[in-house]
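Q: Generate coordinates for the sequence data below:
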Amino acid sequence: MLFSKFISPCVVILTLILTMGCGSGGSDNKDIITLDSQYYKDIYHWNMSKGLSFSLLGRGINMGNFLESPNYEGEWNNGLTIQASDFKNISQSGFASVRIPVRWNAHTLLTDPYTIEEAFMARVQEVVDQAIQEGLKVIINAHHFDELFYDNKNFEFHRSRLLAFWDQISKRFPLNQYDVDQLIFEFLNEPHGNVTVIEWNHLIAELTERLWITNANTQNNILGQRKVMIGTADWGGPSKLYQLALPSRSNVKNTIITVHFYEPFAFTHQGASWVDGAKAWIGTRWIGSEPDQQVLFDYLDSIEAWNTQIGHGFEINIGEFGVFSQHSKPEDQRAWTAFIAREAEKRGFSWHYWEYSSGFGAYDPDSEKWRTALLEGLIPESTDH
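A: Below is the predicted model:
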C-alpha cells in the first residue's frame, strides 16, 4: 500500500495527465452513479465458497497499518492492535483469506545473522494462528523495507537482511505445522527504488532458491512445496508484468502472481496526505461511466493477456485495491470497489481489499460495524438461481 510513501514528481504529473481523461472529474453533485446494478450482485457465484471454488485465495482483505507500522503495532491505528475477534468478524462476513503486511526490518538485529526479535516473531505467529483458527488462508509479506529501496550506499547489506528474514521465517513456519495451502509467503511488497526490474528478477531467483532448495527440509519436502506470491517491480502495478522473469522452478502449483490496483490514482488517493499533490484531486469522481470503465478494462485485460502466454496460467491476485475514504464520496467508493471486485471475479482473479480498518478501511473499529457502502461492494447480494 502507498501509505507513508513518497511519490516522485514524475509519477504525480503522469497521474494527473492520465486521470484527466479517465476519472469523472470535478465535484459536480449532478453526476450520478451509472454503474450497472448487477455489479452489486453475486453474478459470478462466489458467495457460497467465498471464491475458493474458483481460486486458491478467494475474497480477502488486508490487515493494513498494524504490523507494518514503523515502530510498534498500533502506532498507525490509534493504539488498536489485531485481535482474534477481527478474524472471526472477517470470516463470518464472507472473506476467505487475509494478507498480513509485516515490517520485519524494524525488528531485527543490524549484524549478521540479522536475527528477528523473538517477541515480534512470536506476535506475527500468534496473529497468523488466530487467522487460521477462523478458517482463513493467510499471506505474510515483507512490507515497507524502505532501507532496501532507498539506501544506495548499503544496498547489499539490506539485501542480505531480506534473505535472512526469509530463512528465519521459513524455519518458524514449517510445512508440518502450516499447510501448503494455508500459509503463503510474499517476498517483498511493491519493489521499487534500488530494487529495479533487473534486481527484482535476480532477487526472485535467489529467494525461491533459498526457500525451496536451501530450506527444503521445512518448505519443499514430502508434505508439499510452500506457495509464494510474487509481485512486480515499480510499485507492484500491472505495467511491469511483461518484464517479470520467473525462474524455471516457479510454476502454477507453487507461485501466485500479484498486482496492485489503484487506478485512477487521482480518484483513489484524493486528499491523501502522504501523496504529493493529492489535495488538488479532492472532488474527483468515479461514477462508472463507459469512459471510467474502459480505462480499468484495459488494465485488467492486459493482466489477463499476460497470463494466457505459454508457460503462465498462474493464479492472479489483486493484492491491493481501495479508495481513501476521507474525501471520496461513499457512492463512488462503493461503485469503484464493486467494479474491481466483480471484474476480478469474472476473470478468476482472487483479491484482497486494502484494508480492514484505518484510512481505506471497510470496517469502522469505533462503531464496530462494517461500512455499508464498502461491504456491499465487496460482498455482493446473492442472486437467485
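Q: Show me the helices in this protein, by range?
A: Under the criterion DSSP state H, helices of the chain are mapped to 9-19, 84-92, 118-133, 146-150, 155-172, 197-209, 216-219, 265-268, 290-307, 330-346, 372-378.
Q: Can you mark which positions in the fourth one are buried?
A: Translated: helix 146-150. By neighbour count on 16 or more other C-beta atoms under 10 Å, the buried set for helix 146-150 is 146, 147, 148, 149. Using the backbone N, CA and C atoms, a C-beta is placed for each residue, glycine as well.
Q: before we move on, what about the third one?
A: Residues of helix 118-133 classed as buried by neighbour count (16+ other C-beta under 10 Å): 120, 121, 123, 124, 125, 127, 128, 130, 131, 132.
Q: Stretch 205-222 too?
A: Residues of stretch 205-222 classed as buried: 205, 206, 207, 208, 210, 211, 212, 215, 218, 219, 220 (neighbour count, 16+ other C-beta under 10 Å).
Q: got it, and stretch 164-184?
A: Buried, per 16+ other C-beta under 10 Å, within stretch 164-184: 164-170, 172-173, 175, 178, 180, 182-184.
Q: How far off centre is that stretch?
A: Offset of stretch 164-184 from its chain centre (C-alpha atoms, centre = their mean, to the nearest Å): 19 Å.
Q: got the end-to-end distance for it?
A: 18 Å (C-alpha to C-alpha, to the nearest Å).
Q: Closest to residue 276 out of the buried residues of stretch 164-184?
A: Each of the buried residues of stretch 164-184 was checked against residue 276 using C-beta to C-beta; the closest is residue 165, at 30.3 Å.
Q: The closest one and residue 114 touch, don't they?
A: Yes - under the criterion of C-beta atoms under 8 Å, residue 165 makes contact with residue 114 at 7.2 Å.
Q: Touching both of these two, which residues are there?
A: Common neighbours of residue 165 and residue 114, using C-beta atoms under 8 Å, 6 or more residues apart in numbering, are residue 108.
Q: for residue 332, what are its contacts?
A: For residue 332, the contacting residues are 33, 267, 285, 286, 287, 323, by C-beta under 8 Å, 6+ apart.
Q: So the fifth one versus residue 362, what's the distance?
A: The one in question is residue 287. 21 Å (C-beta to C-beta, to the nearest Å).
Q: show me the contacts for the residue lying closest to residue 176 once chain neighbours are set aside.
A: Nearest residue to residue 176 in three dimensions, chain neighbours excluded: residue 223, at 5.9 Å (C-beta to C-beta, 6 or more residues apart in numbering). Neighbouring residues of residue 223 by C-beta under 8 Å, 6+ apart: 175, 176, 180.
Q: So what sits opposite the residue lying closest to the last one once chain neighbours are set aside in the bridge?
A: Put plainly, it is residue 180. In space, and not counting its chain neighbours, residue 180 is closest to residue 224: 3.5 Å by C-beta to C-beta, 6+ apart. Beta-bridge pairing for residue 224 (DSSP bridges): residue 221.
Q: before we move on, the earlier item: more crowded one of residue 287 and residue 362?
A: residue 362 (27 against 20; other C-beta atoms under 10 Å).
Q: residues touching the closest residue in space to the more buried one that isn't next to it in sequence, list them.
A: Residue nearest to residue 362 in three dimensions, not counting chain neighbours: residue 374, with 4.1 Å by C-beta to C-beta, 6+ apart. Neighbouring residues of residue 374 by C-beta under 8 Å, 6+ apart: 333, 334, 337, 353, 361, 362.
Q: To what extent is the first one buried, counted in neighbours?
A: So the one you mean is residue 333. The number of residues packed near residue 333 is 23, by other C-beta under 10 Å.
Q: In terms of distance to residue 244, which of the buried residues of stretch 205-222 ranks first?
A: Taking the buried residues of stretch 205-222 together and measuring to residue 244 by C-beta to C-beta, the closest member is residue 205, at 11.7 Å.
Q: picking that back up, between the contacts of residue 374, which is nearest residue 281?
A: Of these, the one sitting nearest to residue 281 (C-beta to C-beta) turns out to be residue 333, at 14.2 Å.
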